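>>> Sequence and predicted structure, then a few things I'm wondering about:
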Amino acid sequence: MKNAKILILFLIVLSVAFMVLSACQQNGGEDKKAADNTGGEDISETKEAESSAFDSIPVIDYGGRIFNFFMCDVFFTHRDIIAEEITGELINDAKYNRFRAIEDRYNIEIELSYMGDPAQTYDYLMKSVAADDVKYDLTHVHASSIASVVSAGLLMDLTKFEYPNFENPWWNKNLMKAMTVKNVLLLCPSAIELPYSSAVCFNKQMVQDNALESPYELVKSGDWTMDRFYEICSGLSRDVNGDGRFTVDDQYGFTTQNSWMLKSYLYAGNHTILTKDENDIPQLNKDYAHLSSVVEKMMRLFTQNNASYLFDSTNESDFPLSMNSGRVFAIGLHLAEIQYLRNSDVDYGIVPLPKFDKAQENYPGISWGGFFGVPINVSEPEMSGLIFEALSAESHYSILPLFKEQQLSIKFTRDEESINMLDLIYDNIIYDMAPNYYTLDAYTNILYELYLKKNTEVMSYMEKNEPGLQSALDKIIESYDAYVN
C-alpha cells in the first residue's frame with residue numbers, strides 16, 4: 001500500500017514538474033523581465049534558501065505514534081484541509097499525499113478528527129482539557145470560537161516552541177505583527193489550510209464594448225483606486241427593462257454580498273481595525289479621519305447613481321446578478337467563490353480590490369482563513385510544534401503552488417494577466433485579529449451597518465460604539481495575562 005502511495009505521489013510531482021518546465025520555456029522572456037524589474041534579485045538564491053530552510057526541519061522517528069488533528073466538520077474544512085482518499089483531482093490528491101508524506105517522514109499516523117460546527121470547537125477542547133483527556137495534538141479554530149478558546153486558556157504560546165520557527169519562508173511576514181498580544185502567539189494561520197483573500201472579477205467584454213481602460217493596466221499603474229472604480233461602475237448602470245426602477249433585472253457596474261464581505265474594503269483602503277503600542281498591546285485604530293474617507297468612498301459606490309447591486313446571502317454560490325448574466329461589470333468576492341464562475345460563458349479577468357488612492361503603495365487584502373493552535377494539555381508539545389511546522393512547510397511547497405497555478409490560474413481564470421494578478425493578491429495578504437473576535441464586530445462591520453442606514457456618519461457611529469469596543473478589547477487583552485511570564 002505504501003509503495004502505491006509513493007508511486008501516486010511521484011506521478012503527481014512528475015506531472016507538476018512537466019507543467020512548470022513548460023511554463024518556464026514559454027514565458028522565459030517574461031520571467032527575465034520580472035526579474036529585471038525586481039532590481040536583479042537572484043531567484044535561484046531565494047529558492048535555494050527556502051530549500052535549505054525546509055531541509056533544516058529536524059526529522060524524528062516517533063515510532064508509529066498517532067497524531068490527532070482536530071477541526072470542525074463544515075464544508076470549508078473539507079474543501080481547504082481534509083482529503084480522505086485519492087480521487088484523481090489534483091488538489092485533493094496533493095492534500096492527501098501531504099499528510100502521507102509527513103506520516104512517512106516522522107513515522108506517525110495522522111488522524112483527522114472533524115466534528116461539530118465552528119462554534120463548538122471550544123466545547124470539544126474544553127471537555128478534553130477538563131477531563132485531562134489528551135485527545136488533540138493540533139487544532140484548527142474558526143473565528144466563532146477564538147474568543148472563548150483563548151479566554152479559557154486552552155492553548156499554548158507558540159513563541160515558546162523551537163518549532164514552528166516563524167522566521168521560515170512558509171510563514172506570512174505579517175503574522176507576528178498582527179496576531180500576537182503582549183508577544184504571546186496562541187493561534188496563527190498556516191498553509192495547511194488553502195488561503196483566501198478577496199478580489200474583483202470583471203467582465204472583459206464590457207471593457208471592450210465601453211472602451212474602458214484595462215483594469216490590469218490600472219492596477220499596474222497604481223490607478224486602480226476606489227474613486228476610479230466608482231467612476232467606471234457608475235457609468236455602466238442601465239435600466240435594461242425600462243420600467244423606471246433598478247432591480248436585479250437591470251445592469252450594474254458592481255455587485256457583492258452586503259454583510260461580511262464589506263469588511264474587506266476597509267483593509268483594501270489601508271485601514272486596519274487594530275494597531276499595536278510599544279508593548280505589543282492592541283489598540284483600537286482611532287484614525288477616524290481616514291476611516292471616514294474610506295467609508296465615504298465605498299458608500300458612494302454602494303448607494304449612488306445605481307452603480308452597485310448589493311445582495312444579502314450567506315450562500316457562497318448564490319450570485320443573484322451573475323457574471324454569466326452579462327449585466328454586471330465587476331463582482332467582489334472571496335477567492336474561494338471563483339469556482340462558481342468556472343462555467344461562465346462571459347470572459348472575465350481577476351484583479352485586487354481597489355485601493356484607497358494612488359499614493360497607497362500596495363493592494364492589501366485581509367485573509368479569511370482559520371487559525372491553528374496547540375492545545376494546552378498535549379502530552380508532547382515539542383512533537384506538536386514540530387509536526388505543525390512540517391505540515392505547514394509541506395503544504396507551502398506541495399499544495400500552494402498547485403492551488404495557485406492549477407485551481408485558480410488554469411482551471412478557473414482565463415488569461416496570463418489574471419495569473420499575475422493572483423500572485424499580487426496572495427503576496428499582499430494581511431492579517432488582523434479584529435475580524436476573528438466577534439465582540440469587535442461593531443467596528444469591523446461599520447461599512448455594513450452604515451450601508452443599512454444609508455449614511456456616512458462615522459464619527460457619531462464610533463462615538464456611540466467605542467466604549468463597548470474598548471471594553472471588549474480589554475477583555476481580549478486580559479485573557480493573555482496568564483501567558484505572560
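That came in fine, so what should we check first?

>>> and the nearest residue to Tyr163 once chain neighbours are set aside, how far is that from His140?
Nearest non-adjacent residue to Tyr163, counting by C-beta to C-beta, 6 or more residues apart in numbering: Glu389, 4.1 Å away. Backbone N, C-alpha and C define where each C-beta goes, glycine included. Distance, Glu389 to His140, by C-beta to C-beta, to the nearest Å: 16 Å.

>>> remind me which residues of the stretch 251-400 of the chain are low pLDDT?
313-318 (pLDDT under 70).

>>> for it, what spans make up the helices?
Remark: helices assigned in the stretch 251-400 of the chain by DSSP state H, counting those that start in this stretch are 263-268, 288-303, 381-398, 400-402.

>>> Next, the buried residues of the longest one.
Read that as helix 381-398. 381, 383-398 (16 or more other C-beta atoms under 10 Å).

>>> for the second one, same thing?
Of all the residues in helix 288-303, those buried under the rule 16+ other C-beta under 10 Å are 288, 291-295, 297-303.

>>> now those residues in JSON lines, with distance to Leu185?
Listed next are the buried residues of helix 288-303 as JSON lines, based on distance: C-beta to C-beta, whole Å:
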{"residue": "Tyr288", "distance to Leu185": "29"}
{"residue": "Leu291", "distance to Leu185": "27"}
{"residue": "Ser292", "distance to Leu185": "33"}
{"residue": "Ser293", "distance to Leu185": "32"}
{"residue": "Val294", "distance to Leu185": "29"}
{"residue": "Val295", "distance to Leu185": "31"}
{"residue": "Lys297", "distance to Leu185": "34"}
{"residue": "Met298", "distance to Leu185": "32"}
{"residue": "Met299", "distance to Leu185": "36"}
{"residue": "Arg300", "distance to Leu185": "39"}
{"residue": "Leu301", "distance to Leu185": "36"}
{"residue": "Phe302", "distance to Leu185": "36"}
{"residue": "Thr303", "distance to Leu185": "40"}
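
>>> Nearest to Glu213 among those residues?
For these, the closest approach to Glu213 (C-beta to C-beta) belongs to Leu301, at 17.2 Å.

>>> how much space is there between the closest one and Gly370?
Distance, Leu301 to Gly370, using C-beta to C-beta: 29 Å.

>>> quick one on the thing from earlier: go through the helices of the stretch 251-400 of the chain and name the closest to Gln360.
Between Gln360 and the helices of the stretch 251-400 of the chain, the shortest gap by C-beta to C-beta is with helix 263-268, which sits at 9.2 Å.

>>> CA atoms only for the closest one, dumped as CSV, please.
Extracted in CSV, the C-alpha atoms of helix 263-268 (Å, rounded to 0.1, in the frame of the first residue of the first chain):
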residue,chain,number,x,y,z
LYS,A,263,-15.2,44.2,5.9
SER,A,264,-12.6,43.5,3.1
TYR,A,265,-12.9,47.0,1.7
LEU,A,266,-11.7,48.7,4.9
TYR,A,267,-8.4,46.7,4.6
ALA,A,268,-8.2,47.4,0.9
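
>>> Tell me the helices and strands packed up against that helix.
Contacts defined by 3 or more C-beta pairs under 8 Å, 6 or more residues apart in numbering; DSSP states H and E place helix 263-268 against helix 288-303, strand 365-366, helix 446-453.

>>> Can you lay out the ones you listed as TSV showing distance to Pro435?
TSV is the format used below for the helices and strands packed on helix 263-268 (distance: least, C-beta to C-beta, whole Å):
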stretch	distance to Pro435
helix 288-303	15
strand 365-366	7
helix 446-453	12
